[in-house]
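A.B. asks: Can you look at this prediction? I've put the sequence above it.
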2 protein chains.
Amino acid sequence: MDDIKTGWFSELSTLWPGQCLSLEVEEVLFHEKSKFQDIMVIQSKAFGRTLILDGVIQCTEKDEFSYQEMITFLPLNSHPQPRKVLIVGGGDGGVAREAVRHPAVEQVVMCEIDQMVVDVSKRLLPFMAAGFQSPKLELHFGDGLEFMKQHRDEFDVIITDSSDPVGPACTLFEENYFELMSSALRAGGIICSQGENMWFHQDIIRKVMDGCRKYYGSVSYGFTTIPTYPGGQIGFVLAAKDQGVDFSRPRRELTEPELDAMGLRYYSAEVHRAAFVLPRFVRQALAAPQ
Amino acid sequence: MDDIKTGWFSELSTLWPGQCLSLEVEEVLFHEKSKFQDIMVIQSKAFGRTLILDGVIQCTEKDEFSYQEMITFLPLNSHPQPRKVLIVGGGDGGVAREAVRHPAVEQVVMCEIDQMVVDVSKRLLPFMAAGFQSPKLELHFGDGLEFMKQHRDEFDVIITDSSDPVGPACTLFEENYFELMSSALRAGGIICSQGENMWFHQDIIRKVMDGCRKYYGSVSYGFTTIPTYPGGQIGFVLAAKDQGVDFSRPRRELTEPELDAMGLRYYSAEVHRAAFVLPRFVRQALAAPQ
């Protein structure tokens, strides 16, 4: 907080020791502790409105579309007919905003643990909270893991838009959670989880992927570029109940007029394919055990 | 320098106002002013040895291979037979190290303005300076623009590994420089220049590409991920004398055994193709004028 007093917010974390991104702050718009975490919204000079949870940047007005579009449309377009979608986390509303845009999606259920994040987003991040107004959306407040225990054979796609595996999102990186998601999926179902950074967190990614391989027939890793996340990229672990799913080949290719009509700024079928092309050192580090 | 005293180096620049990456410093190994710029080498906690010119990170031990491999092999493998290569800048030796590895390359000429960078690299960045030992390399010290005026019809590929368009590298972003490079190329020749960040510098990129279109038949933009450059990516402007060159299709596909033998950690033919797949908002911003 000293840094904010001098005009900059600095993002220090044990998850990326020895490096730190700082944003120049024009105004602190909100700062309170909820039951679950520290919630802050700032107006940053370079990236506009910025949501920060427990000291970690979650989304900024300038670059959030990369993350929201990619975590949503990579799994949705890997499924031939994603009618019913579950979002775990995503309290800012960004993933809901994208999911309800998809032509095949009829219903989006969302389970967020922290109501204060939703309330703050509606008030201060209207570009994110837009999704909350959709009649397709059904919003629950509660623990994602507990929610998953009560649902079986129900969703075509489950998107886990969590913060990092410290604090309230810890359980959403455990093997047990991936097993429960597998039961909550319908036949042919697909999951997509926030998957950290391929340069820094290969140990976390590898553990999640190895866990997934016990419950899913196909497991893959893709990534997107986003300047305000550590290292400038973030990845996604995708898994399908079925064997032989090639996530790098979208099952549904949105056309340019469809992408325009949906207002997409990052995602395209070409970007989808390229997201799964990993640098050699990452591909080798994440290869399935022989 | 205040930040270094408190244990961190902070990278502030007018090229990315309002944001700043900081690295925790274990030791300042070198810090002097050359005739051209401020040169510093630090041992950073997260990224190892780090070269900093005029306060801007040029390369770190942990992630430099992404930049060096991509700025070198994107153009070299876009050319059917790149026998003679010119590197402008690249005083740390990283691009030379990569270029001499290429099976078709017979001769690499390098023109670096600042001898102190080469000397410091040899002493403190041996993993970068490895290329200086190659018998294929011919090293000149001088101004890149002046060097270019004295060479015609000589090179198959020209790689401009410059710092940003402030300070000594300014002229290497001017239209005149791109015109001179076109004359220094042999028939079928190709250039590749450091091309800044697609999230922040679309104005610079667009200006360079528009300038190139006057002197080259094909112009394109690709990028790579690299955590210690602003925003976590850096791009490359590629141009070919010939029309109809599709940079996203490598003319030479290095096989996995070749890539292993060359010790490449980032680049592959697949990564080459994916490097030219741009997010929608970038593709639209950089599209050629109709």
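C.D. replies: Looks like it came in fine.

A.B. asks: And for whichever residue of the stretch 51-200 of chain A sits closest to chain B, the neighbour number?
C.D. replies: Going by C-beta to the nearest C-beta, chain B is nearest to A:Trp199 of the stretch 51-200 of chain A, at 5.2 Å. No exception for glycine: its C-beta is placed from N, CA and C like everyone else's. The tally of other residues near A:Trp199 (other C-beta atoms under 10 Å in any protein chain shown) stands at 24.

A.B. asks: Phi first, then psi, for it.
C.D. replies: phi -80, psi -30 (degrees, to the nearest 10).

A.B. asks: Quick one, grab the pLDDT at it.
C.D. replies: The per-residue pLDDT reported for A:Trp199 equals 98.

A.B. asks: per-residue confidence for the residue nearest to A:Arg49 when sequence neighbours are not counted?
C.D. replies: Closest residue to A:Arg49 in three dimensions, ignoring its sequence neighbours and counting by C-beta to C-beta, 6 or more residues apart in numbering or on different chains: A:Glu61, at 4.4 Å. Looking at A:Glu61, its pLDDT reads 98.

A.B. asks: Please work out how many residues are found near A:Glu61.
C.D. replies: 16.

A.B. asks: ok, the residue of the stretch 51-200 of chain A closest to chain B touching B:Thr60?
C.D. replies: No. Applying C-beta atoms under 8 Å, one finds A:Trp199 not in contact with B:Thr60, separated by 11.3 Å.

A.B. asks: For A:Met116, see how far away the residue nearest to A:Arg49 is.
C.D. replies: 20 Å (C-beta to C-beta, to the nearest Å).

A.B. asks: Equivalent analysis for A:Phe178, please.
C.D. replies: Taking C-beta to C-beta, one finds A:Phe178 at 27 Å from A:Met116.

A.B. asks: Of these two, which one has the most company?
C.D. replies: For A:Phe178 versus A:Met116, the count of surrounding residues by other C-beta under 10 Å is larger for A:Phe178: 26 against 17.

A.B. asks: What residues are bridge-paired with the most centrally placed residue in chain A?
C.D. replies: Residue closest to the mean C-alpha point of chain A, counted by C-alpha atoms, centre = their mean, is A:Asp161 at 3.4 Å. Per DSSP bridges, the residues bridged to A:Asp161 are A:Gly89.

A.B. asks: Report the residue spans of chain A with pLDDT below the cut-off.
C.D. replies: Within chain A, the stretches with pLDDT under 70 are A:1-5.

A.B. asks: tell me the helices in it, going along the chain?
C.D. replies: A:2-5, A:64-76, A:94-99, A:115-124, A:126-129, A:144-149, A:175-184, A:202-212, A:256-262, A:269-275, A:280-286 (DSSP state H).

A.B. asks: Where does the stretch 151-290 of chain A get nearest to chain B, residue-wise?
C.D. replies: Shortest the stretch 151-290 of chain A-to-chain B distance, computed as C-beta to the nearest C-beta: residue-wise this is A:Gly232, at 1.0 Å.

A.B. asks: number of nearby residues for that residue?
C.D. replies: Around A:Gly232 there are 26 residues (other C-beta under 10 Å).

A.B. asks: And the one 10 residues further on, by the same measure?
C.D. replies: Using other C-beta under 10 Å, A:Asp242 has 12 neighbouring residues.

A.B. asks: got the contact list for it?
C.D. replies: Counting by C-beta atoms under 8 Å, 6 or more residues apart in numbering or on different chains, A:Asp242 touches A:Gly188, A:Gly217, A:Ser218.
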